[in-house]
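Visitor: Kindly generate the corresponding structure for this input.
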Amino acid sequence: MERGKKFAVISLGLMFALGFVAGLAMGPFMTPTEGRTAPPQRTHQRRPSMTETLGTQLNLDEEQKQQLSEITEQTRERFSELRKEVSPRFKAIRTETHDRIRAILRPEQLETFERLVAEWDEKEQQRRKEMESRWKRPEQKAEGAPAQAEPAPAPTQGGGP
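Guide: Numbers count the residues shown, from 1 in each chain. This next block holds a predicted model:
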């Protein structure tokens, strides 16, 4: 293959790979904007775990896969502990904010606000269930075993801004 064609093929492959990585990295930040609805969820397709993806992409041997699995499990536990520490502070700030907003609203506005808060709470609860499902390892999903991450506490006043 001549040098120019080789360069073009390598460049095209590199652009494809970078696009794929950018798509993976930006996926969590791509949320529907106001007035738009999210595309329907494909519940029949399971997204591969990070361990599976790295195992395939990096061609890890069995020992490396085991070590990676241990690293990701330890990380999952650390994130769970961090969530336990920080969650009460977030809830307190959210509750205080909602209470301050309630104090400035007229009765008819308060009724609408309470409805919005309930909707935010419901969306947050659904999001947490989805996240718990994603954190389950493949063998847990197959066996129906509970997730390793702590179950999400029921939201208090409001899940929105």
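Visitor: Next one: residue 111 from residue 123, what distance?
Guide: 19 Å (C-beta to C-beta, to the nearest Å). From N, CA and C alone the C-beta is placed, and that goes for glycine too.
Visitor: residues touching residue 67, list them.
Guide: Applying C-beta atoms under 8 Å, 6 or more residues apart in numbering, we find residue 67 in contact with no residue.
Visitor: Distance-wise, check it relative to residue 55.
Guide: For residue 67, the distance to residue 55 equals 11 Å [C-beta to C-beta].
Visitor: And for residue 83?
Guide: According to C-beta to C-beta, residue 83 and residue 55 sit 27 Å apart.
Visitor: Compare neighbour counts for the two and give me the winner.
Guide: Using other C-beta atoms under 10 Å as the criterion, residue 83 and residue 55 rank with residue 55 on top: 18 against 14.
Visitor: any idea how far residue 23 is from the more buried one?
Guide: Taking C-beta to C-beta as the measure, residue 55 falls 20 Å from residue 23.
Visitor: go on, residue 81?
Guide: Taking C-beta to C-beta as the measure, residue 81 falls 30 Å from residue 23.
Visitor: Equivalent analysis for residue 95, please.
Guide: With C-beta to C-beta as the criterion, residue 95 and residue 23 are 37 Å apart.
Visitor: With neighbour numbers in mind, choose between those two.
Guide: residue 95 (13 against 10).
Visitor: Show the pLDDT at that one.
Guide: According to the prediction, residue 95 has pLDDT 93.
Visitor: could you point out which element follows the helix or strand hosting residue 71?
Guide: Assigned by DSSP states H and E, residue 71 falls within helix 62-104. With elements assigned by DSSP H and E, the helix or strand that comes after helix 62-104 is helix 107-135.
Visitor: And that following helix, what does it pack against?
Guide: The contact analysis (3 or more C-beta pairs under 8 Å, 6 or more residues apart in numbering; DSSP states H and E) places helix 107-135 against helix 62-104.
Visitor: how many neighbours does the closest residue to residue 47 other than its chain neighbours have?
Guide: Excluding the flanking residues, the one nearest residue 47 by C-beta to C-beta, 6 or more residues apart in numbering is residue 134, at 7.0 Å. The number of residues packed near residue 134 is 12, by other C-beta under 10 Å.
Visitor: how near is residue 134 to residue 76?
Guide: 11 Å.
Visitor: what does residue 132 give?
Guide: Residue 132 sits 11 Å away from residue 76, going by C-beta to C-beta.
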